[in-house]
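> Any chance you could fold what I've pasted below:
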Amino acid sequence: MKKAVGTALESDFGFKSPSFSVDALGNIIANSISTTEAIGGGDSASNVSNYKVTENELDTGFVFSNIEGSNPTIELARGTTYTFELELVDLTFAVFESNGSSYYTNIQDDEGNIGIAAQNKKTGLIQLTINSDTPDTLLYRDDNLDIQGQFNIVNPTGVFGGLSVSNTTQSSSIGTGALTVAGGASIAKDLYLGGDIVFAGTGDVKFDSSTNLTLGALNKVIIVIDGNKLGEITEDGIETPIANTTIENTSIGITTPSTASFTSADVSEAPSSVNNVTNKAYVDSQDVALSIALGS
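Numbering: from 1, shown residues only. Next up is the predicted model:
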């Protein structure tokens, strides 16, 4: 089978190969997409455009290729750059923030203009970059502002070879931060964090491991319950008070503890009754004294 060389790839019913697919609606899923030339360089025909924008017969609305009607509402995904090929005669094309008065600045044209300088064009290519800071709604308008449509900005879905989030918004609760995930998350490899891990679940929050669990720290492990520091584990050992607990089912720290057996123990206080724990040195000294007194 011969390869298609120098011709466009076309498909009426979708196209699929490993790590790349195009469905019947023209949606593309790929590990990565690279262009051989920037938008402002060389022949504009070498650039791939997502939409061709023209006017309707009455010059009262924008028409986008492969989309029915004038001034349609179009979804654009964050993390994507869209190219528009303008072929307008009477209208000009500009993109505004959702307030309808501020120009959207993440835009450039094929002449190297960026921001406002790339707005209100009739012909040529423009690229619109949608990032994590882009509001949920953008408006595209003619220069006289009486003809307009809407871009709805959505979060991306699909398979990605790499994903980078440049937003630095701190997370203060569930649903906040530069990256939010409504469902669970599965991570196949190591996870590196530059900040704290906060569990905001209800009831018992589980920290499970299906194999050995190693808890390591460069300096120490600090144990805090409800804001109160109980102690810490250092390279010298555990510096945490033992209270209200047991050792080998023997109560420690109660008024009348259960019997315990020790290989060795030091008791500094002298006994005052027959039931007190004795000090061996004290007992030995008393034993010597009694032996001398009794002559035994």
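
> give me phi/psi at I292?
Recorded main-chain torsions at I292 are phi -70, psi -40, according to degrees, to the nearest 10.

> Compute the distance between it and K206, please.
67 Å (Cβ to Cβ, to the nearest Å). Every residue, glycine included, has its C-beta placed from N, CA and C.

> Output stretch 217-224 as PDB, restricted to C-alpha atoms.
The C-alpha coordinates for stretch 217-224 follow below in PDB (Å, rounded to 0.1, in the frame of the first residue of the first chain):
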ATOM      1  CA  ALA A 217      12.000  12.300  57.400                       C
ATOM      2  CA  LEU A 218      15.300  14.200  57.000                       C
ATOM      3  CA  ASN A 219      15.300  15.500  60.600                       C
ATOM      4  CA  LYS A 220      12.300  14.300  62.700                       C
ATOM      5  CA  VAL A 221       8.700  13.100  62.700                       C
ATOM      6  CA  ILE A 222       6.600  15.400  64.800                       C
ATOM      7  CA  ILE A 223       3.300  14.100  66.300                       C
ATOM      8  CA  VAL A 224       0.500  16.600  66.600                       C
END
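
> what does it rub up against?
215, 229-235, 240 (Cβ atoms under 8 Å, 6 or more residues apart in numbering).

> so which of these comes closest to S101?
The closest of the contacts of stretch 217-224 to S101 turns out to be K229 (Cβ to Cβ; 53.5 Å).

> what ranges do the helices span in the stretch 151-296 of the chain?
Under the criterion DSSP state H, counting those that start in this stretch, helices of the stretch 151-296 of the chain are mapped to 280-294.

> With pLDDT and neighbour count added, can I get the contacts of stretch 217-224 in JSON lines?
As requested, these are exported to JSON lines (pLDDT from 0 to 100; neighbours: other Cβ atoms under 10 Å):
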{"residue": "L215", "pLDDT": "87", "neighbour count": "7"}
{"residue": "K229", "pLDDT": "92", "neighbour count": "10"}
{"residue": "L230", "pLDDT": "90", "neighbour count": "13"}
{"residue": "G231", "pLDDT": "91", "neighbour count": "14"}
{"residue": "E232", "pLDDT": "93", "neighbour count": "15"}
{"residue": "I233", "pLDDT": "91", "neighbour count": "15"}
{"residue": "T234", "pLDDT": "90", "neighbour count": "13"}
{"residue": "E235", "pLDDT": "89", "neighbour count": "7"}
{"residue": "T240", "pLDDT": "83", "neighbour count": "14"}
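
> Show me those residues that map onto strands.
Members of the contacts of stretch 217-224 lying in strands (criterion: DSSP state E): 229-234.

> Please identify the one among those that lies nearest to T263.
Looking across the ones in strands among the contacts of stretch 217-224 and measuring by Cβ to Cβ, the closest to T263 is I233, at 24.3 Å.
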